[in-house]
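>>> next one to model:
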Amino acid sequence: MRAGALLAIGVLLWMSGARADVDYLADLQRRAAESRLADHREWRVLLHYRRNGSGSEVMSDADDPRFFLAPGGKTDPAAELAATLAAFFSDDPVGADPQPAQCAFVARYEWLRQALDFDSGRLPARPCAAYLRWKGELEAEAATLVFTSAYLNNPASLFGHTLLRLDRRGGSGSTPLLAYAVGYAADDRGSKGLMYGIKGVSGGFSGYFELQSYDRLVRNYSDIENRDIWEYRLNFNADQMARLIAHLWELRGVRFDYFFFTENCAWQLLTLLEVADPSRDLSSRFVLWVAPADVLRLLSSEPGLVGAVTPRPARGSAIRRRYSALSAPERAQARALHDDVGHVEAQAFRVLPSERQALLLELALDLRQRGGMMAGQGEADVPPDEGVHRLLSARSALGQRASRFEIAPFAGRPELGHASHRAGLALGQRGGQGFIEFNARASFHDLLEADAGYAPEAGIELLSASVRHRPETGNTRLNALTLISIESLPPFNPLLPRPAWRAHAGWVPSPRPGCNDCLAFRADAWAGFSTETRWPWRGLWFALPGLVAEHAADQPGRTGPGVSAGLIAEPGVGWKLSARVTRTAYRWGERSEETRWALAQQYTLKRDLALRADWQGSGGVREFSVGLLVYF
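Numbering: from 1, shown residues only. All right, here's what the predicted structure looks like:
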């Protein structure tokens with residue numbers, strides 16, 4: 001910065017009545033410029049700077065002008081550093097929560113104080129009472145990264161969610177629900193339907209870091225939304241935790257642009273971890289797409305960063321695990337106990353072995369308590385549930401442990417699963433002609449892929465495409481383009497009923513007379529039920545009535561009801577197969593009937609490598625393909 005600019009800042013401070021030592025300010029700014037402090041990694045992560053597309057300049061991801069003290073601070077780290085030093089001498093309130101700069105930007109102040117060795121006689125430190133009270137309330141001694149599994153009823157949570165728990169000093173490891181958690185979320189109020197998607201992709205939402213009670217988050221995610229939780233303890237020392245907490249204070253109320261696929265909950269938490277440990281370059285590893293599971297894979301690969309990993313199964317997972325451990329007569333007892341807690345006195349219940357009674361009572365308690373959560377009941381705002389009290393009394397009187405079985409999340413550890421991006425190469429034949437196919441998928445998982453790290457009955461695919469080349473004719477063309485495909489097939493459970501459903505939107509092959517390779521845009525939605533069998537191997541059977549709408553560029557559109565039924569089975573470890581038949585009767589637009597069938601299997605060679613084979617037919621045209629899939 002030029003000497004004239006330094007003098008101008010000093011004069012302005014003097015004219016505003018600030019208690020500034022103009023000469024000392026000029027000396028600090030000169031030493032900062034000579035040391036090129038604005039180029040240091042610590043300063044760049046504190047201001048959320050990263051290089052732009054050309055790589056020659058930087059820009060902060062923060063989009064709130066209150067986060068900057070220089071007019072061009074968003075793109076000029078040196079000017080922002082000089083203005084920050086000047087503001088430290090002033091009483092003027094700044095920041096999203098207006099207060100003197102030393103207290104509004106405590107992490108910046110602490111780093112610059114150490115880097116420039118401030119003279120406390122010439123630049124006195126402020127007490128910052130509000131910050132100290134806030135910091136004391138947190139009592140944060142350690143940090144834990146928390147992953148919640150996908151929630152299919154909310155588009156923003158289709159791929160899971162991540163947040164950072166701030167564990168309290170003095171034994172919070174045994175009582176983590178007393179801690180606070182910080183997450184990054186979009187303010188999406190008032191946006192629905194198509195506009196919701198457009199804003200989410202284009203950065204039309206504002207994003208904020210929010211601090212909430214971890215107990216409240218667990219109640220919502222685990223008890224209401226039925227999402228399994230995984231907790232990853234981070235190995236941060238005291239200095240790293242101090243930087244993290246100080247920077248969280250600076251970010252309160254600061255606005256960022258929220259992007260579903262890039263600057264989302266997972267990516268923004270990486271920027272916080274970089275503030276805690278600037279030696280780790282994490283956020284730059286992702287450019288076009290960031291999924292929470294990919295972030296966990298990255299963090300788990302970082303030497304010395306992740307410590308203990310703890311599962312927290314959803315209450316719904318505990319209910320399903322316990323119910324699956326019951327015999328058929330015991331399931332009848334569970335249903336009776338669910339309908340009437342007075343069944344604890346029934347002879348059919350009392351003759352059961354004590355450990356089986358205990359298991360049934362624990363199942364009934366989970367169901368009763370989850371019902372209260374789903375109804376919006378909080379323990380503090382409603383009278384005690386007499387049914388819960390009676391079940392607890394009966395369970396306590398037994399004094400026995402339930403039969404041993406594992407209550408584990410249905411969604412496995414996400415970092416152990418395959419990567420979310422996929423590309424493949426296949427050879428095949430369609431209608432008597434050979435083809436070479438290249439396919440790719442932006443994200444995430446389908447039901448033929450290995451379950452490790454994913455919910456075993458849910459699949460979400462976003463932006464997948466296949467292109468085929470026919471060597472005989474030299475023709476290359478698009479074969480299919482999926483915008484989104486979601487499938488959820490939970491087995492029917494009378495105590496925890498959930499529908500099986502599927503939805504898809506994209507371009508699919510639609511053979512017509514004289515045009516075997518025609519494409520049509522197809523949108524369909526299905527809802528029904530599924531059931532699970534265990535012999536001779538695990539099988540998931542489903543039947544889904546639905547509605548299909550299809551439109552081709554040179555053909556009239558057609559819409560009609562249909563039914564889709566099939567099986568997804570796992571004959572062996574790493575080997576899955578599926579069989580589906582879909583019958584559609586188009587009754588609006590072009591009247592016609594169609595049957596589509598598909599057989600497919602996939603064998604996982606290792607985590608990020610698999611073989612896949614497909615047989616399918618529709619409109620009298622059949623095809624077969626086999627290929628290799630690579631995940632990255």
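>>> buried sites along the helix or strand harbouring Ile436?
Using DSSP states H and E, Ile436 sits in strand 433-445. Neighbour counts over strand 433-445 (16 or more other CB atoms under 10 Å) mark 433, 435-439, 441-445 as buried. Heads up, the C-betas are built off the backbone N, CA and C, glycines and all.
>>> can you put those in TSV and add pLDDT?
Putting the buried residues of strand 433-445 into TSV (pLDDT from 0 to 100) gives the following:
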residue	pLDDT
Gln433	91
Phe435	97
Ile436	98
Glu437	98
Phe438	98
Asn439	98
Arg441	96
Ala442	92
Ser443	88
Phe444	89
His445	93
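>>> before we move on, the earlier item: quick one: contacts of the strand holding Ile436?
Strand 433-445 has contacts (CB atoms under 8 Å, 6 or more residues apart in numbering) with 158-159, 289, 291, 417-418, 420-429, 454, 458-473, 479, 625, 627.
>>> for the next helix or strand after it, which helices and strands make contact with it?
Toward the C-terminal end, the helix or strand that comes next after strand 433-445 (DSSP H and E) is strand 458-470. Judged by 3 or more CB pairs under 8 Å, 6 or more residues apart in numbering; DSSP states H and E, strand 458-470 is in contact with strand 433-445, strand 475-488.
>>> quick one, which of those gets closest to Arg165.
With respect to Arg165, and counting by CB to CB, the nearest of the helices and strands packed on strand 458-470 is strand 433-445 at 24.7 Å.
>>> the closest one versus strand 458-470: what angle between them?
Inter-element angle recorded for strand 433-445 and strand 458-470: 150 degrees (by axes from the mean of the first three to the mean of the last three CA atoms, to 10 degrees).
>>> and strand 433-445, which strands flank it?
strand 422-430 (antiparallel), strand 458-470 (antiparallel) (DSSP bridges).
>>> quick check: buried residues in the last one?
What that stands for is strand 458-470. For strand 458-470, using 16+ other CB under 10 Å, the buried residues are 458-468.
>>> what does it rub up against?
150, 152, 158-159, 422, 433-447, 449, 475-489.
>>> now it: average pLDDT?
The pLDDT scores in strand 458-470 average 94.
>>> can you put the strands paired with strand 433-445 in a markdown table and add distance to Gln212?
Formatted as a markdown table, the strands paired with strand 433-445 follow (distance: least, CB to CB, whole Å):
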| stretch | distance to Gln212 |
| --- | --- |
| strand 422-430 | 34 |
| strand 458-470 | 26 |
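>>> report the contact partners of Ser191.
199, 204-205.
>>> separation between it and Tyr208?
16 Å (CB to CB, to the nearest Å).
>>> again with Leu629
Distance from Leu629 to Tyr208, by CB to CB: 38 Å.
>>> give me the number of neighbouring residues for the closest residue in space to Ala62 that isn't next to it in sequence.
Spatially, and ignoring its direct neighbours in sequence, Ala62 is nearest to His48 (5.1 Å; CB to CB, 6 or more residues apart in numbering). Other residues near His48 come to 24 when the count uses other CB atoms under 10 Å.
>>> Trp501 now?
Quick note: Trp501 (other CB under 10 Å) scores 20 neighbours.
>>> for the one 4 residues further on, same thing?
Ala505 has 15 neighbours, counted by other CB under 10 Å.
>>> quick check: bridge partners of it?
Ile484, Ala523.
>>> kindly report the same for Leu145.
Leu164, Tyr232.
>>> could I get the contacting residues of Ser488?
Applying CB under 8 Å, 6+ apart, the residues near Ser488 are 152, 457-459, 498, 500-502.
>>> from Arg470, how far out is the nearest residue to Glu472 once chain neighbours are set aside?
Closest residue to Glu472 apart from its sequence neighbours, by CB to CB, 6+ apart: Gln433 at 5.9 Å. With the distance defined as CB to CB, Gln433 ends up 6 Å from Arg470.
>>> now the helices and strands packed on strand 458-470 as TSV including distance to Glu141?
TSV is the format used below for the helices and strands packed on strand 458-470 (distance: least, CB to CB, whole Å):
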stretch	distance to Glu141
strand 433-445	35
strand 475-488	39
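>>> of all these, which lies closest to Ala408?
Minimum separation from Ala408 across the helices and strands packed on strand 458-470 (CB to CB) falls at strand 433-445, 18.9 Å.
>>> pull the CA atoms of the closest one into PDB?
What follows is strand 433-445 as a C-alpha-only set of coordinates in PDB (Å, rounded to 0.1, in the frame of the first residue of the first chain):
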ATOM      1  CA  GLN A 433     -26.200 -54.200 -34.000                       C
ATOM      2  CA  GLY A 434     -23.200 -53.900 -31.700                       C
ATOM      3  CA  PHE A 435     -22.300 -50.800 -29.800                       C
ATOM      4  CA  ILE A 436     -19.600 -49.300 -27.500                       C
ATOM      5  CA  GLU A 437     -21.000 -47.300 -24.600                       C
ATOM      6  CA  PHE A 438     -19.500 -44.600 -22.400                       C
ATOM      7  CA  ASN A 439     -21.500 -43.700 -19.400                       C
ATOM      8  CA  ALA A 440     -21.000 -41.300 -16.500                       C
ATOM      9  CA  ARG A 441     -22.900 -40.200 -13.400                       C
ATOM     10  CA  ALA A 442     -22.300 -37.100 -11.300                       C
ATOM     11  CA  SER A 443     -23.700 -38.700  -8.100                       C
ATOM     12  CA  PHE A 444     -24.600 -40.900  -6.000                       C
ATOM     13  CA  HIS A 445     -25.700 -44.500  -5.600                       C
END
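>>> count the neighbours of Arg534 for me.
Using other CB under 10 Å, Arg534 is surrounded by 8 other residues.
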